[in-house]
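Visitor: Dropping the sequence and predicted coords here.
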Amino acid sequence: MAMAMAMAMAMAGAVMKRRNYSFALRSLNFAFESLSILHCHSGFALSTLADKNDCVIDHLENPFAQFACTRFNISSVEIALMFKWAPTLQRLQTLDKIEEFVGVLEENGFKQEQIAKIMRSIPKHLAASCKETRNKLQLLKDSGIRGEKLVKLLTGRPLVLTFSLEQRLIPTVTFLLNLYQSQDLFLKSVLRYMSILTFSVENTLKPSIAFWEGYGFRGEELTKLLVLRPSILRCISFTTAQLDLIRKIGIAKESKSYKHVLILLATSRMATLEAKIRNFQLCGLSYEETMELFRLNPHAFGLSKENIRAKMDFVVKNMELPPNSVIKYRDILFSNLDKLVKPRFFVWKKLASMNGLENCNKTLRRMLNMREAEFVTKILKRHPESATLLSIYEKGLADASSSSAYTQILRRGFF
């Protein structure tokens, strides 16, 4: 059991170096639960491991442990992890600075569970200067991040409180405000992607802006993009694999889709994009056909595995078309399968059987692109057999409402 505890502590320590507190806590929880069971059944004392693993807390003797446990309901396992990451907490004799830190947060509307989350995340900075913390909060409030927005930001990104006010926070906030040229746009971007406040001006923000300007994003277009997708600010270059994928897709630089692909690559992991490509190949498309699909509509990268397979299955089995037909009828991939594609296909199939279509394939694509009112007026009600067609269509919609239909994908651009 002692070996299991030591292994869990070693794993937690390794993960803490990367600040993955969640996984580290799970490791420690497993060890403590195991030791607790052993303690209950055999009288094994947790304190016997105190010297070796430095993870046992005596709540009666340690002021911070008692404060964190009784006031914020932070568990022994979590306190052990905090002591491991910030040993000075274990040696504190008074809690004046920590109580001041908590007081500042409470003054700004933070609740106990939110303060507890911040304490767990930045244990090294709990005894920081109260004046410094107030100045950081005031800077954020002056930039427009107030009230619930301030609470949301710091609960989600407590790391912001650890940065130097003069050397990091002020330059970053000032740069972003100048970049967006509007406090409202700055606020929208921060709330969409809170990590931008953790970026260094010299190491990340300036290189990123230069990078995107090099690809032709400037002025109002760049500002609009940064508001809609502020996460692109983390990208300062493309990897060899990303550049190779751009080349294989084969979009001309003059095409608007080219910029869409650039944005998609900057906001997605290569492993995710490669998995999307493999998924289309498993559904019957060749690699070249998959690249052609992405070239015609880069939004295909955003489709889920389940969504793609359900629609490809319908195309092959029900529509009796080859898998690569989704390149021509790619609207199928971006429409709700149960509420739009199926009902309209069954109407089209009935029309084709009645020889009511001069050009079946062209009409199918047009029917899939129509708005609802246009489809009903121009296709269903104008036909001599309108009652039959309406019955087929309504049955399809009724079946869709009783099934777990996929959410329709909004057809909007990246910016």
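Guide: Structure received. Numbering: from 1, shown residues only.

Visitor: Least confident secondary structure element in the chain?
Guide: Least confident element among the helices and strands of the chain, by mean pLDDT, DSSP states H and E: helix 50-53 (a mean of 38).

Visitor: following that helix, which helix or strand comes up?
Guide: Going down the chain from helix 50-53, the next helix or strand is helix 63-72, by DSSP states H and E.

Visitor: How far away from the center of its chain is that next one?
Guide: 33 Å (C-alpha atoms, centre = their mean, to the nearest Å).

Visitor: The helix or strand following it relative to helix 63-72, how many degrees between them?
Guide: As assigned by DSSP H and E, the chain's next helix or strand after helix 63-72 is helix 76-85. Helix 76-85 and helix 63-72 are oriented at 140 degrees to each other (axes from the mean of the first three to the mean of the last three C-alpha atoms, to 10 degrees).

Visitor: list the helices and strands helix 76-85 packs on?
Guide: Applying 3 or more C-beta pairs under 8 Å, 6 or more residues apart in numbering; DSSP states H and E, one finds that helix 76-85 makes contact with helix 2-16, helix 21-42, helix 63-72, helix 112-121. All C-beta atoms are positioned from the backbone trio N, CA, C, and that covers glycine.

Visitor: one more time with 7 Å
Guide: If you count contacts as 3 or more C-beta pairs under 7 Å, 6 or more residues apart in numbering; DSSP states H and E, helix 76-85 packs onto helix 2-16, helix 21-42, helix 63-72.

Visitor: contacts for stretch 183-194?
Guide: Here stretch 183-194 makes contact (C-beta atoms under 7 Å, 6 or more residues apart in numbering) with 143-145, 149, 153, 156-157, 176-177, 180, 196-197, 226-227, 230-231.

Visitor: Give me the buried positions along it.
Guide: In terms of neighbour count (16 or more other C-beta atoms under 10 Å), stretch 183-194 has its buried residues at 185, 186, 187, 188, 189, 190, 193, 194.

Visitor: export these to TSV and tack on distance to residue 344, secondary structure and pLDDT?
Guide: Output for those, formatted as TSV (distance: C-beta to C-beta, whole Å; DSSP: H, G, I helix; E, B strand; the rest coil; pLDDT from 0 to 100):
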residue	distance to residue 344	secondary structure	pLDDT
185	40	helix	94
186	44	helix	95
187	42	helix	94
188	37	helix	94
189	39	helix	95
190	42	helix	95
193	38	coil	95
194	42	helix	94
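
Visitor: quick check, nearest of the residues you listed to residue 384?
Guide: Of all the buried residues of stretch 183-194, residue 188 has the smallest distance to residue 384: 53.2 Å, by C-beta to C-beta.

Visitor: quick one: the residue most central in space within the chain and residue 226, what's the gap?
Guide: With distances taken as C-alpha atoms, centre = their mean, the residue of the chain nearest its centroid is residue 193 (9.2 Å). Taking C-beta to C-beta, to the nearest Å as the measure, residue 193 falls 10 Å from residue 226.

Visitor: Next: residue 165.
Guide: Computed as C-beta to C-beta, the residue 165 to residue 226 distance reads 24 Å.

Visitor: Which one's more surrounded, the two?
Guide: With neighbours defined as other C-beta atoms under 10 Å, residue 165 and residue 226 compare such that residue 226 has more, 26 against 16.

Visitor: What helix or strand is the more buried one located in?
Guide: Secondary structure from DSSP H and E places residue 226 in helix 219-228.

Visitor: Let me see the mean pLDDT of that helix.
Guide: Across helix 219-228, pLDDT averages out at 92.

Visitor: counting contacts, what elements does it pack onto?
Guide: With contacts taken as 3+ C-beta pairs under 7 Å, 6+ apart, helix 219-228 sits against helix 183-192.

Visitor: if we go to 10 Å?
Guide: Packed against helix 219-228 by the contact rule (3 or more C-beta pairs under 10 Å, 6 or more residues apart in numbering; DSSP states H and E) you find helix 170-180, helix 183-192, helix 206-214, helix 256-267.

Visitor: and the next element down the chain from it?
Guide: Assigned by DSSP H and E, the successor of helix 219-228 is helix 240-249.

Visitor: got the angle between that next one and helix 256-267?
Guide: Relative orientation of helix 240-249 and helix 256-267, computed by the same axes, to 10 degrees: 160 degrees.

Visitor: Show me which residues of helix 240-249 are buried.
Guide: Residues 242, 245, 249 are the ones in helix 240-249 that count as buried (16+ other C-beta under 10 Å).

Visitor: which residues touch it?
Guide: In this structure, residues lying in contact with helix 240-249 by C-beta atoms under 10 Å, 6 or more residues apart in numbering are 235, 237-239, 253, 257-258, 261-262, 264-266, 268, 270-271, 273-274, 277, 287-288, 290-296, 298, 301.

Visitor: Can you go through those residues and name the buried ones?
Guide: Neighbour-count burial (16+ other C-beta under 10 Å) applied to these gives 235, 238, 257-258, 261-262, 264-266, 273, 277, 290-291, 293-295, 298, 301.

Visitor: contacting residues around the spatially closest residue to residue 197 that is not a sequence neighbour?
Guide: Spatial nearest neighbour of residue 197, excluding adjacent residues (C-beta to C-beta, 6 or more residues apart in numbering): residue 160 at 5.3 Å. Under the criterion of C-beta under 10 Å, 6+ apart, the contact list for residue 160 reads 122, 136-137, 140, 145, 153-154, 168-169, 172-173, 194-195, 197-198.

Visitor: Please report which of the residues you listed has the highest neighbour count.
Guide: residue 154 (27 neighbours).

Visitor: And that one, how far from residue 121?
Guide: With C-beta to C-beta as the criterion, residue 154 and residue 121 are 10 Å apart.

Visitor: okay, and the common contacts of those two?
Guide: Between them, residue 154 and residue 121 share these contacting residues under C-beta under 10 Å, 6+ apart: residue 161.

Visitor: Let me know the closest of the buried residues of stretch 183-194 to residue 308.
Guide: Among these, residue 193 lies closest to residue 308 (C-beta to C-beta), at 27.0 Å.

Visitor: Which residue ranges of the stretch 301-415 of the chain form helices?
Guide: For the stretch 301-415 of the chain, helices defined by DSSP state H, counting those that start in this stretch occupy the ranges 305-317, 342-353, 360-369, 372-375, 386-401.

Visitor: With that, I have no additional questions.
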